[in-house]
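1. Coordinates for the following, if possible.
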Amino acid sequence: MSFAFVFPGQGSQSVGMMNGFADIAVVKQTFIEASDVLKLDLWQLAQAGPAELQNQTVNTQPLMLTAGVAVYRAWKNLGGADPAYAAGHSLGEYSALVAAGALSLQDALPLVVARAEAMQHAVPEGQGAMAAIVGLEDDAIAAVCGEAAQGQVLEAVNLNCPGQVVIAGNKAAVERGLEVAKAKGAKIAKILAVSVPSHCALMKPAAEKLALLLTQIKINPPAFPVLHNADVKSYGDVNAIREVLVKQLYSPVRWSDIIRVMAQHKVTQIAECGPGKVLAGLNKRIDNNLQSFALTDAAALDNAKSELK
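-> Down below sits the predicted model:
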């Protein structure tokens, strides 16, 4: 019996997202540290927005990274133990690696900003898209992508939980995919309000830029296993970590598999470390036997301290 920490990615940001942590000194200090590195007031951005600025990927990525790390530091400050495993959803993988000591926050911040810029530049605005499909099994989604691609890129990119998948690729292909999904009985099939088609083959030019950046960053073996999105494995070898972070940009986020592997390794409790409850909701749908916690404020941290074993 053990517990794991998971870190949310883009989509969990909101104006006032750190309200529940405003009185925790180490949280504020982490935001000051990160703001100094980027010369950008991240606390102001978190608390006052505006949402349009929060939602620009070059801001969202460092904002969510800082939030996840700040909450983890608050957990450690309470005397909380290291988790048996950690993972992060997409961008959240970087938060998990900082928590595990594999990356420093100072290095990770400019790295995720550069990652965001590379992703933004990989596909001209308006040419890529992402869409959520609810109510179809994974094999049906694969059939949707095969049928609707018509020579363009269309892939299942976020395998979030049974019956909930995100597809991405060329905008026209994604739009065709929505129509095919509806015809196959999808309960929901809708375009997501994102500017970048993440985790599909269109991100390979961004991955090449990221590979170059990662050669200049010091990476340490993580203090606890971090299960990676692209292959659901953890690595002590720092070059393997570099390679899997590059692969992550153009590979699906295998979230359902990550949670199942944690359960197979006797994890019984999973705490979402950062704003929002998106992952806690997904995790329950993947394995209802897992006890889920969302560390959304100081009271939730205190409760987790007494509950996580």
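
2. how many neighbours does G163 have?
-> If you count neighbours by other Cβ atoms under 10 Å, G163 ends up with 17. Heads up, the C-betas are built off the backbone N, CA and C, glycines and all.

3. For it, give its distance to G135.
-> G163 sits 6 Å away from G135, going by Cβ to Cβ, to the nearest Å.

4. Equivalent analysis for A67, please.
-> Between A67 and G135 the distance, using Cβ to Cβ, works out to 31 Å.

5. who has more neighbours, the two?
-> A67 (29 against 16).

6. any idea which helix or strand of the chain has the worst average confidence?
-> Ranked by mean pLDDT, DSSP states H and E, the helix or strand of the chain with the weakest confidence is helix 51-54, at a mean of 93.

7. Residues contacting it, please?
-> 13-15, 45-46, 59-60, 63 (Cβ atoms under 8 Å, 6 or more residues apart in numbering).

8. Out of those, list just those in helices.
-> 45-46, 59-60, 63 (DSSP state H).

9. Go through these and name the one nearest A299.
-> Checking those against A299 with Cβ to Cβ, the nearest one is A46 at 18.9 Å.

10. how about the nearest residue to that closest one, chain neighbours excluded?
-> Spatial nearest neighbour of A46, chain neighbours left out: M18 (4.8 Å); criterion: Cβ to Cβ, 6 or more residues apart in numbering.

11. where's the one you found relative to D138, distance?
-> Distance of M18 to D138, computed by Cβ to Cβ: 35 Å.

12. more neighbours, these two?
-> Per other Cβ under 10 Å, whichever of M18 and D138 has more neighbours is M18, with 24 against 13.

13. Now do the helices for the stretch 1-150 of the chain: every range, in order, please.
-> For the stretch 1-150 of the chain, helices defined by DSSP state H, counting those that start in this stretch occupy the ranges 25-38, 42-48, 51-54, 57-77, 92-99, 105-122, 138-148.

14. between those, which gets nearest to Y85?
-> Between Y85 and the helices of the stretch 1-150 of the chain, the shortest gap by Cβ to Cβ is with helix 92-99, which sits at 9.4 Å.

15. what packs against that closest one?
-> strand 2-7, helix 57-77, strand 85-88, helix 105-122, helix 238-248 (3 or more Cβ pairs under 8 Å, 6 or more residues apart in numbering; DSSP states H and E).

16. Could you tell me the angle between it and helix 238-248?
-> 160 degrees (axes from the mean of the first three to the mean of the last three Cα atoms, to 10 degrees).

17. Now for the residue located most distally from the centre of the chain: which residues touch it?
-> No residue in the chain sits farther from the centre than A183, which is 30.2 Å out by Cα atoms, centre = their mean. By Cβ under 8 Å, 6+ apart, A183 lies in contact with nothing.

18. For K76, the count of nearby residues, please.
-> Residues within reach of K76, counting by other Cβ under 10 Å, total 12.

19. K266 now?
-> By other Cβ under 10 Å, the residues close to K266 number 10.

20. cool, the one 5 residues further on as well?
-> By other Cβ under 10 Å, 27 other residues sit near A271.

21. Assign a three-state SS to it, would you?
-> strand (DSSP: H, G, I helix; E, B strand; the rest coil).

22. right, and it touches K305 too?
-> No: using Cβ atoms under 8 Å, A271 is not in contact with K305; the gap is 10.3 Å.

23. just to revisit the earlier point, would you format the helices of the stretch 1-150 of the chain as a markdown table with distance to M1 included?
-> Listed next are the helices of the stretch 1-150 of the chain as a markdown table, based on distance: least, Cβ to Cβ, whole Å:
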| stretch | distance to M1 |
| --- | --- |
| helix 25-38 | 28 |
| helix 42-48 | 34 |
| helix 51-54 | 38 |
| helix 57-77 | 19 |
| helix 92-99 | 21 |
| helix 105-122 | 31 |
| helix 138-148 | 30 |
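
24. Quick one: closest of those helices to K204.
-> That would be helix 105-122 among the helices of the stretch 1-150 of the chain, by Cβ to Cβ, at 7.7 Å.

25. tilt between the closest one and helix 25-38?
-> 60 degrees.

26. about what we covered before: most neighbours out of the ones in helices among the contacts of helix 51-54, which is it?
-> Neighbour counts for the ones in helices among the contacts of helix 51-54 (other Cβ under 10 Å) peak at L63, which has 30 neighbours.

27. Is it correct that that residue is in contact with Q44?
-> No: contact between L63 and Q44 fails when scored by Cβ under 8 Å: they sit 10.7 Å apart.

28. Tell me the spacing between the residue nearest to A46 and L105.
-> From M18 over to L105 the distance is 16 Å, taken as Cβ to Cβ.

29. okay, now the domains of the chain?
-> The chain breaks down into these domains under automatic domain parsing: 2-122+202-307, 128-194.
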